[in-house]
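Participant: structure for this input, please:
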Amino acid sequence: MSAVVGGWLLGLCLGAAHAFEPDHLAAMATLLSTGPGHARPARLGALWGVGHAATLLAVGGALVAWRLTMRPSLASAFEAGVALLLVALGARSLFAASRPHARHHVHLGGLTLRQPLLVGLAHGLAGSGALVALAQASMPSARAAIVYLVLFCGGSVAAMALATGILGRSFAAVGRGRRLLGAVAGTLSVLIGARMLAAL
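Facilitator: Numbering: from 1, shown residues only. Predicted structure coming up:
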């Protein structure tokens, strides 16, 4: 039993570390750079985590329950989708940074809160196959593997809320330099997406 509890704690820690992966942070940085300055960054990060958890638990839970594995071709297709999303987000952030007087966040309107949720859904879908394989290898039963997935997702939600809170403070602190940070975030997002595509 102690080994199972240790595995669950490891899942929680891995979930927290997972939120800090470059593609996740790049995507959220582009959203923060093109969103309204008064939005609560930690809330946006938590919404990413909720979307991420939703697909991980839905797809991962089904795979665990029926003891299935995801086809490599399907996993690659999901990864390609995330890569293209990163390129699109980066391009939008670069476009916004090139228009200093444009109020692009007004144009986004109600999408401000939906975007991190949708990005999280995409990221969760892309990572579900590998996570399920890890959970099944680490846990002795399907029930224990499900708990592992839940704890992993909980760690991801908390860590991304923290990460975006820090990023949001950085964007707020620089004031007029926000355009420059937006351009940097956009460039990194495009580069990470392109690298992911090249690796498939």
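
Participant: how about residues contacting stretch 88-100?
Facilitator: Stretch 88-100 has contacts (Cβ atoms under 8 Å, 6 or more residues apart in numbering) with 26-27, 29-31, 33-34, 102, 104, 119, 179-180, 182-183, 185-191, 193. Bear in mind the C-beta positions are built from the backbone N, C-alpha and C, glycine included.

Participant: out of those residues, which are buried?
Facilitator: Buried by 16 or more other Cβ atoms under 10 Å: 26-27, 29-31, 33-34, 104, 119, 182-183, 185-190, 193, out of the contacts of stretch 88-100.

Participant: return the subset of these lying in helices.
Facilitator: 26-27, 29-31, 33-34, 104, 119, 182-183, 185-190, 193 (DSSP state H).

Participant: look up how far Ala159 lies from Ala58.
Facilitator: 21 Å (Cβ to Cβ, to the nearest Å).

Participant: show me which of the two is the more surrounded one.
Facilitator: Counted by other Cβ atoms under 10 Å, Ala58 and Ala159 do not tie: Ala159 has more neighbours, with 21 against 14.

Participant: can you read off the pLDDT for the more buried one?
Facilitator: Ala159 carries a pLDDT value of 96.

Participant: now do the same contact list for it.
Facilitator: Neighbours of Ala159 in contact, by Cβ under 8 Å, 6+ apart: 15-20, 49.

Participant: kindly report the same for Val64.
Facilitator: 132, 135-136, 142, 145-146, 149.

Participant: can you do 7 Å?
Facilitator: 132, 135-136, 142, 145-146 (Cβ atoms under 7 Å, 6 or more residues apart in numbering).
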